[in-house]
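J.: Build the 3D model from these lines:
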Amino acid sequence: MRLIEGIATVGGERFADVGAFVAALGRIGDEHNVTVQAFDARCVVSRRHLDRAVEIADRERDRGDGIARDRAVEIALYAAGRRQIDRALEMGVSTGETPVVVLVDGPGDERSAGEAVRELLAPATTLGEYDERRVREFYDIGGVELDATDADLEALVLERVVLLVIDR
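T.: A predicted model of the protein is given here:
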């Protein structure tokens, strides 16, 4: 799995809307035989967060228990810890400038796909630059929960990723 960091600009000349940006990622994935999924970096707590989402999504699909038909959507659902696609996509790219982490994973040419994705983004370091307030709100992690455990925010988000398997 490769993670490409940068700033996605949607709503300008290059990408009129989010659909155009997502379509460009889809074409890269198809061309290189990989899955490509973009995430708002402000909601991604770590590389482990996306590693775990890919691992569980693939395991559930291999068992025939996948939630979505499309692997990229399945990964997004697990990363978001949500069964509803529209809620999971809130963790994606928005109109304007969005700091992103773009996941590239699959049996094909991840390196070339990653380079193609990088060309769509303005360079920036985004992984690990999450917004704690946004993460806590998105994953519904309140102060009481944080106070009741020794776990850090990353551990609680990873728990949400895993709990989606149980929450059927």
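J.: hey, let's count contacts and neighbours off CA atoms from now on
T.: Noted.
J.: I'd say R118 and I4 touch.
T.: Yes. Applying Cα atoms under 8 Å, one finds R118 in contact with I4, separated by 6.5 Å.
J.: Let me know how buried the closest residue to L158 other than its chain neighbours is, in neighbour terms.
T.: Excluding its sequence neighbours, the residue lying closest to L158 (Cα to Cα, 6 or more residues apart in numbering) is H49, at 6.0 Å. Neighbour count of H49, defined by other Cα atoms under 10 Å: 20.
J.: cool, V54 as well?
T.: 22.
J.: Can you name the helix or strand that it falls in?
T.: V54 belongs to helix 47-62 when assigned by DSSP states H and E.
J.: And the helix or strand just after that helix, what does it pack against?
T.: Downstream of helix 47-62, the next assigned helix or strand under DSSP H and E is helix 71-80. Contacts defined by 3 or more Cα pairs under 8 Å, 6 or more residues apart in numbering; DSSP states H and E place helix 71-80 against strand 35-40, helix 47-62, helix 85-88, helix 153-166.
J.: Quick one: closest of those to S112.
T.: Smallest distance to S112 across the helices and strands packed on helix 71-80 (Cα to Cα): 12.1 Å, for strand 35-40.
J.: Mind giving me the packing neighbours of the closest one?
T.: helix 18-32, helix 71-80, strand 96-105.
J.: re earlier: now tabulate the helices and strands packed on helix 71-80 in CSV and tack on distance to V18 and mean pLDDT.
T.: Shown next, in CSV, are these (distance: least, Cα to Cα, whole Å; pLDDT from 0 to 100):
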stretch, distance to V18, mean pLDDT
strand 35-40, 11, 97
helix 47-62, 21, 95
helix 85-88, 14, 88
helix 153-166, 25, 87
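J.: So for T126, which of these sits nearest?
T.: Nearest to T126, of all the helices and strands packed on helix 71-80, is strand 35-40, at 9.1 Å by Cα to Cα.
J.: who touches the closest one?
T.: 25-26, 28-29, 71-73, 75-76, 91-93, 98-106 (Cα atoms under 8 Å, 6 or more residues apart in numbering).
J.: Direction-wise, compare that strand with helix 47-62 and give the angle.
T.: 140 degrees (axes from the mean of the first three to the mean of the last three Cα atoms, to 10 degrees).
J.: what about dumping the CA coordinates of strand 35-40 to CSV?
T.: Coordinates of each C-alpha in strand 35-40 appear next as CSV, following Å, rounded to 0.1, in the frame of the first residue of the first chain:
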residue,chain,number,x,y,z
THR,A,35,-7.6,0.6,-5.8
VAL,A,36,-7.3,4.4,-5.3
GLN,A,37,-9.2,6.1,-2.5
ALA,A,38,-8.8,9.7,-1.2
PHE,A,39,-9.3,10.7,2.4
ASP,A,40,-9.5,14.1,4.1
